[in-house]
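Asks: Next one to model:
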Amino acid sequence: RASVFVMFEDRAPHRVRTLVVGTMIGELGFYVGAPRSATIVADTDCRIIRVTPDDIDRLEADHPHLALEFHRMIARRLCLRIHDKDHLISGLMRGMRRV
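Replies: From the prediction side, this is the model:
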């Protein structure tokens, strides 16, 4: 297990998520070259597999069908995250209207 922490202005880091086995992280930064938006801290011993741009280039050259499936998997994950964020924002907006 690992925890995801984000910084909100002058506040202490805030834990926003717990990661479990099989979780992929860093794909947004990987694809768009954006700086990391969170800090990950291991809560237990973790095994990390790092995928570099060179790894993806080799996969695309040597196994294009697998590369296509990899990119599709990432696209689905990113879309699900956007979907989840949309629901979160909608809920926050509903809560703000009650005030």
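
Asks: Leaving out chain neighbours, which residue sits closest to the residue nearest the centre of the chain?
Replies: Among the residues of the chain, residue 25 comes closest to the average C-alpha position under Cα atoms, centre = their mean, at 4.1 Å. Nearest residue to residue 25, sequence neighbours excluded (Cβ to Cβ, 6 or more residues apart in numbering): residue 40, at 6.1 Å. All C-beta spots, glycine's among them, are computed from the backbone N, C-alpha and C.

Asks: State the phi and psi torsions of the one you found.
Replies: Per-residue torsions, residue 40: phi -110, psi 130 (degrees, to the nearest 10).

Asks: Then the one 5 residues further on?
Replies: Here the main-chain torsion angles of residue 45 (degrees, to the nearest 10) amount to phi -60, psi 140.

Asks: Output the contacting helices and strands for the helix-or-strand element of the chain with minimal mean pLDDT.
Replies: Taking mean pLDDT, DSSP states H and E as the measure, the chain has helix 27-32 as its least confident helix or strand, at a mean of 86. On a contact count with 3 or more Cβ pairs under 8 Å, 6 or more residues apart in numbering; DSSP states H and E, helix 27-32 meets helix 64-97.

Asks: quick one: low-confidence parts of the protein?
Replies: 97-99 (pLDDT under 70).

Asks: Could you rerun that using 80?
Replies: 9, 95-99 (pLDDT under 80).

Asks: Restrict stretch 58-66 to CA atoms and write it as CSV.
Replies: Presented in CSV, the C-alpha positions along stretch 58-66 are these (Å, rounded to 0.1, in the frame of the first residue of the first chain):
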residue,chain,number,x,y,z
ARG,A,58,10.8,-0.2,-28.0
LEU,A,59,7.3,-1.7,-27.3
GLU,A,60,5.9,0.3,-30.3
ALA,A,61,8.7,-0.8,-32.5
ASP,A,62,8.9,-4.5,-31.5
HIS,A,63,5.3,-5.2,-30.5
PRO,A,64,2.9,-2.6,-32.1
HIS,A,65,-0.2,-4.6,-31.2
LEU,A,66,0.8,-4.7,-27.5
